[in-house]
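**Q** Sequence plus the predicted model coming up.
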Amino acid sequence: MVPNAIIETRGLSKIYGSGAQSTTALDSLNLQVNQGEIFGYLGPNGAGKTTTIRLLLDLIRPSAGAATIFGDDIRAKSVDIHRRIGFLPGELSLWEGRSGKQIINFVANVRGDADGILKQAEKIAERLELDTTKRVRDLSSGNKRKLGLVLALMHDPELLILDEPTNGLDPLVQQTFHEMMNEYRQRGKTVFLSSHVLSEVQAICDRVGILRDGDLKAVESVEGLTQVEFHHIEVSYREAVPPELRERLAGMPQVSDVAVHGRRLDLRLVGDFDPLLRELGAGYVELLRIEEPTLEDIFLAFYSDKEKV
Ligand code: ATP
């Protein structure tokens, strides 16, 4: 089946400021997010994630390039597009003196079909354990975030765009949010979310895009990322680590990060085991421990120097 693109960007770029003061926040982004997937958008602070989201929502204008959502140009059709999406900004600003319920009522009325939306909002608030009678100024930051999620989800949009959705939520609520996202996807809907939480990405995302300095470094399935061919290896020798072994390992291009701690040797291997095992046999090996890289290791490698992966 040919995937149905819900979001598609072509050479989307954003430069803030001009001349010597300018910052290229996003550099010619080409990205496709398909119907029915949860796409995680990752990158270190300042990578350009929020800029991308603000461009997609037509809150700021691109310096170059274009994008479509549901096949419609994001600038020409922004009003129509906004009706069909739910958005949670990274920094939510709500009417401080109003209660959650008042804000939900207001937004539901603006969207139309207020009755249906209000019923839905009540269910989501209950599931997230949010007290909607409290005024926004009296809510904790996590509870404000929950209110933001209710507002983004209550009209059952076709596409959710969420900027760091679980930031500040406690682990139990995060778990509920993950369940909600899985159910949402099962109904054929699409989610584009930015996150710093790798366990979350591993738990719910189908694919991830890794952004660094405004540049999309990789787009991979979560499964594909975790199958990267490198391992951490720990070897414990009965006697001391064989002399000269360290030097021999340093000469092997597939071995890096060699460290000796008493009788123990740690290293990182890319690719096949055989050449390494032949070298390690220079002493009596008491214990050999081989660890798969965690998603965190993989992302750190991407963030710092992709060639290491
Ligand atoms: P974080 O994970 O910290 O939220 P981010 O990936 O969302 O970061 P952006 O907020 O998109 O990153 O910022 C990308 C770059 O653009 C940064 O260098 C930032 O300083 C710069 N930037 C963002 N907004 C503006 C602005 N309004 N004016 C000038 N520069 C900006």
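**A** Cool, got the structure.
**Q** ok, now how distant is His140 from Leu130?
**A** For residue 140 the amino acid is Ser, not His. From Ser140 across to Leu130, the span is 11 Å (CB to CB, to the nearest Å). (C-beta placed from N, C-alpha, C; glycine too.)
**Q** So these two - more neighbours on which side?
**A** The neighbour count for Ser140 versus Leu130, taken as other CB atoms under 10 Å, is higher for Leu130 (22 against 10).
**Q** helix, strand or coil for the more buried one?
**A** Three-state call for Leu130 (DSSP: H, G, I helix; E, B strand; the rest coil): coil.
**Q** For the residue lying closest to it once chain neighbours are set aside, give its distance to the ligand.
**A** Nearest residue to Leu130 in three dimensions, chain neighbours excluded: Lys146, at 4.2 Å (CB to CB, 6 or more residues apart in numbering). With the distance defined as CB to the nearest ligand atom, to the nearest Å, Lys146 ends up 20 Å from the ligand.
**Q** secondary structure element for Lys146?
**A** Taking DSSP states H and E as the definition, one finds Lys146 inside helix 141-153.
**Q** so what secondary structure elements neighbour that helix?
**A** Packing contacts for helix 141-153, counted by 3 or more CB pairs under 8 Å, 6 or more residues apart in numbering; DSSP states H and E, involve strand 85-88, helix 100-111, helix 114-127, strand 159-163, helix 171-186.
**Q** Mind doing that once more with 7 Å?
**A** For helix 141-153, the elements it packs on are strand 85-88, helix 100-111, helix 114-127, judged by 3 or more CB pairs under 7 Å, 6 or more residues apart in numbering; DSSP states H and E.
**Q** now the helix or strand harbouring Gly224: how far from the chain's centre is it?
**A** Per DSSP H and E, Gly224 falls inside helix 222-226. In terms of CA atoms, centre = their mean, to the nearest Å, the centre of helix 222-226 is set 13 Å apart from its chain centre.
**Q** try stretch 273-290
**A** 37 Å.
**Q** Next, count neighbours for Ala76.
**A** 12.
**Q** Now it: phi and psi?
**A** phi -70, psi -30 (degrees, to the nearest 10).
**Q** where's Ile124 relative to Gly100, distance?
**A** Ile124 sits 11 Å away from Gly100, going by CB to CB.
**Q** Looking at the two, which has the bigger crowd around it?
**A** Neighbour count, other CB under 10 Å: between Ile124 and Gly100, Gly100 has more, with 24 against 21.
**Q** picking that back up, following the helix holding Gly224 in sequence, what is the next regular element?
**A** strand 230-237.
**Q** how about the helix holding Gly224: buried residues?
**A** Val222, Leu225 (16 or more other CB atoms under 10 Å).
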